[in-house]
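[1] fold the following and give me the result.
(chains A and B)
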Amino acid sequence: MIPRRAWPVIKLALLGAFILFTTLPLVQMTVLSFTATLAQDGLSLGETTLRNYRAIWSDPSLRAAFGNSVAYVLINIAITIPVALPAAFAFARLSFLGDKHLFFSFIAFRITPPVVLTLPIFQLFSVLGIVNSVTGIALAHCLFNLPVSIWILQGFIAAVPREMDETAFLDGYSRPRYIWKILLPQIAPGIAVTAFFCFMFSWVEVVFARILTTTNGKPISMALSAMFGFQTDIGMVMAFTLTSMLPGALLLFAMRNHLSRGFKVGRV
Amino acid sequence: MKQQDPRGWLFVAPACLLLGVVGLIPLVTVINYSFFEIFTLQSRFWIGTEWFRDLITAPRFWASFGRSVLFSTFVLCIQIPLGIALALCIPRGRIWAGAALAVLSLPLLVPWNMIPALWLSLMNGDTGILGQWLAGYGWPAAWKDSAVLTWVVILAMDTWHWTSLVVILAYSALTTIPDPLYQAAAIDGARPWQVFRHIQLPRLQHVLLMAVLLRFMDSFMIYTEAFPINAGGPAETSLFLAVDLGEEIKAFNYGPSAARSVLYFLIVLSVAWVFTKVQAKLDDPKPGVP
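    Numbering: from 1, shown residues only, chains lettered A, B, ... in the order given. This next block holds a predicted model:
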């Protein structure tokens, strides 16, 4: 048997080992991003340099890709949250015919592999005229962001004591007014967590992003793909990858204490 | 008790509408295409279930199906226990827990198509940190020639990428356990294993079920991450289901790829169905357990 006192040490060692494993590829990326991987501009291979970052900054197409990614993620959040909120409220608070089945058919869309639906979504969006636009990607990403959002939000709403509803209704609040005035401030961290997860899944997704942007509106991931070629400047690729992680890392840092609170399934 | 209220449908209507447009319509389209030979989208011929017959009689399909199942099994056997273990290891106290979760989640922020590139450069024998280190021990730099080593790399990459999601899910379930339960266990002199088995594991089961489902689906349909590592090789030993489908879509074989998609969706649906059954069973309060 392992003595009781040894447990904290074992725990710390396991956590430390995995954090090392997690950071190793990221360290590799950071090192490469500051290294000249193509001999040009009077730099020799392997020299430490800021040239990769300067090259990103001076490339208008990369700046545009960054802007596109930000735009479609914001549009996606702006669509997803207002649609998910009432649905999450209904699933958390009300009982209606078929509610359980509906919840799981929503989840079924989350687990449908995107590559299965790429073809018809491309055609549908061509008809709607939103191919090659950030709106198209934003809408396509609702397919998996909406179910996850409903799931997270219903966990947060279910955690709000029911007495609060009852008091509000006794005070003569209508349901929409109650949601707006009382529920929303209560679950504000939940909305932030939901928005963060929408951001996270949308920002890194590539399957829809690729088929929906053949000429215009390319996001970061596609701009990165385009950098691979006969002579790939891997240092610049890594520099751009690192840059693309910065907004997420900032959000992650801001959200770190709320991150784990969102996922509650079943009876609360 | 929840209120019985049919107006609930009003609240979920916008979500149904949105998912109908981006999910249901495309799905119905795919099912429709799977019964046609499609030359252009204007000229197509009904051919019935021929694509499905072609597909399920092809050894290549079953080989990649088996490979995908095996891969998902590995993923679940590694990532779920590891995720739980790590969630249990995360120190108590806001600051450290937050910091640990944030660091562990960093891989989730890397664009998916860059993850193989990241690992390839890490494994590079000349410039990669891991590659150089392993080369110092005389490790075969030609790991692409070996099916086993290719799988090890893909599994390591997937574990690196996704374990933190399991950690977040498991940790969120652990935070719902009230302190008095632990205190009572300590007074009774429970061993750590007993605490885990009787206090922590029961609280984890709902969220874990979700984690298993999400990890199973995403690993079963691994697409962007697997192909660049070794292009399905050596000798197609890392060719997974979705990689096959991706190639077919790129080749504009609408009919066969639609049939393939429908089969995948049926697999997804049946797994989700089993999942709802298990979920319902968990929701049933067992006799004798408060």
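[2] just give the number of residues close to residue B:235.
    The number of residues packed near residue B:235 is 9, by other CB atoms under 10 Å in any protein chain shown. Bear in mind the C-beta positions are built from the backbone N, C-alpha and C, glycine included.
[3] tell me the contacts of it?
    residue B:147 (CB atoms under 8 Å, 6 or more residues apart in numbering or on different chains).
[4] I'd like the next helix or strand past the helix or strand hosting residue B:244.
    Taking DSSP states H and E as the definition, one finds residue B:244 inside helix B:241-250. Next along the chain after helix B:241-250, taking DSSP H and E as the criterion, comes helix B:254-283.
[5] tell me which residues of that following helix are tucked away?
    By 16 or more other CB atoms under 10 Å in any protein chain shown, the buried positions in helix B:254-283 come out as B:254-265, B:267-268, B:271-272, B:275-276, B:279, B:282.
[6] which secondary structure element is home to residue B:126?
    Per DSSP H and E, there is no helix or strand for residue B:126.
[7] ok, and which of the buried residues of helix B:254-283 reach chain A?
    B:254, B:257-258, B:261, B:264-265, B:268, B:271-272, B:275-276, B:279, B:282 (CB under 8 Å from any CB of the partner chain).
[8] now those residues as CSV including pLDDT and distance to residue A:181?
    Output for those, formatted as CSV (pLDDT from 0 to 100; distance: CB to CB, whole Å):
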residue, pLDDT, distance to residue A:181
B:254, 76, 51
B:257, 82, 50
B:258, 84, 49
B:261, 84, 45
B:264, 83, 45
B:265, 84, 42
B:268, 79, 40
B:271, 83, 42
B:272, 78, 37
B:275, 79, 37
B:276, 75, 35
B:279, 75, 34
B:282, 74, 36
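[9] which parts of the stretch 1-150 of chain B are helices?
    B:8-19, B:25-33, B:50-57, B:59-89, B:94-104, B:114-123, B:129-136, B:147-174 (DSSP state H, counting those that start in this stretch).
[10] was I right about residue A:253 contacting residue B:101?
    No. Judged on CB atoms under 8 Å, residue A:253 makes no contact with residue B:101 at a distance of 10.6 Å.
[11] neighbours around the closest residue to residue B:236 other than its chain neighbours, how many?
    Distance criterion CB to CB, 6 or more residues apart in numbering or on different chains; nearest residue to residue B:236, sequence neighbours excluded, is residue B:63 at 7.4 Å. Applying other CB under 10 Å, we find 14 residues neighbouring residue B:63.
[12] which residues are contacting stretch B:262-270?
    A:108, A:111-113, A:116, B:27, B:30-31, B:34, B:52, B:55-56, B:217, B:220-221, B:241-242, B:245.
[13] okay if I get the ones next to chain A among the buried residues of helix B:254-283 as CSV plus distance to residue B:93?
    Shown next, in CSV, are those (distance: CB to CB, whole Å):
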residue, distance to residue B:93
B:254, 56
B:257, 51
B:258, 53
B:261, 47
B:264, 44
B:265, 45
B:268, 40
B:271, 38
B:272, 37
B:275, 34
B:276, 37
B:279, 33
B:282, 31
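[14] residue A:210: which of those residues is nearest?
    Nearest to residue A:210 among these is residue B:257, at 15.6 Å by CB to CB.
[15] returning to what we had before: ok, residue A:253 and residue B:101, which is more surrounded?
    Of the pair residue A:253 and residue B:101, residue B:101 is the one with more neighbours under other CB under 10 Å, namely 23 against 12.
[16] what's near enough to touch the residue lying closest to the more buried one once chain neighbours are set aside?
    Counting by CB to CB, 6+ apart, residue B:101 lies nearest to residue A:259, which is 5.3 Å off, once chain neighbours are set aside. By CB under 8 Å, 6+ apart, the residues touching residue A:259 are A:193, A:196, A:252, B:98, B:101-102, B:105, B:168.
[17] buried residues in stretch A:235-253?
    Across stretch A:235-253, burial judged by 16+ other CB under 10 Å covers A:235-245, A:247-248, A:251-252.
[18] extract the CA atoms of stretch B:215-223 and return them as CSV.
    Only the C-alpha atoms of stretch B:215-223 are listed here, as CSV (Å, rounded to 0.1, in the frame of the first residue of the first chain):
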residue,chain,number,x,y,z
ARG,B,215,-13.8,11.5,-27.6
PHE,B,216,-15.1,8.4,-29.4
MET,B,217,-16.8,10.4,-32.2
ASP,B,218,-13.9,12.8,-32.7
SER,B,219,-11.3,10.0,-32.8
PHE,B,220,-13.5,7.7,-34.9
MET,B,221,-13.7,10.4,-37.5
ILE,B,222,-10.1,11.6,-37.2
TYR,B,223,-9.4,13.4,-40.5
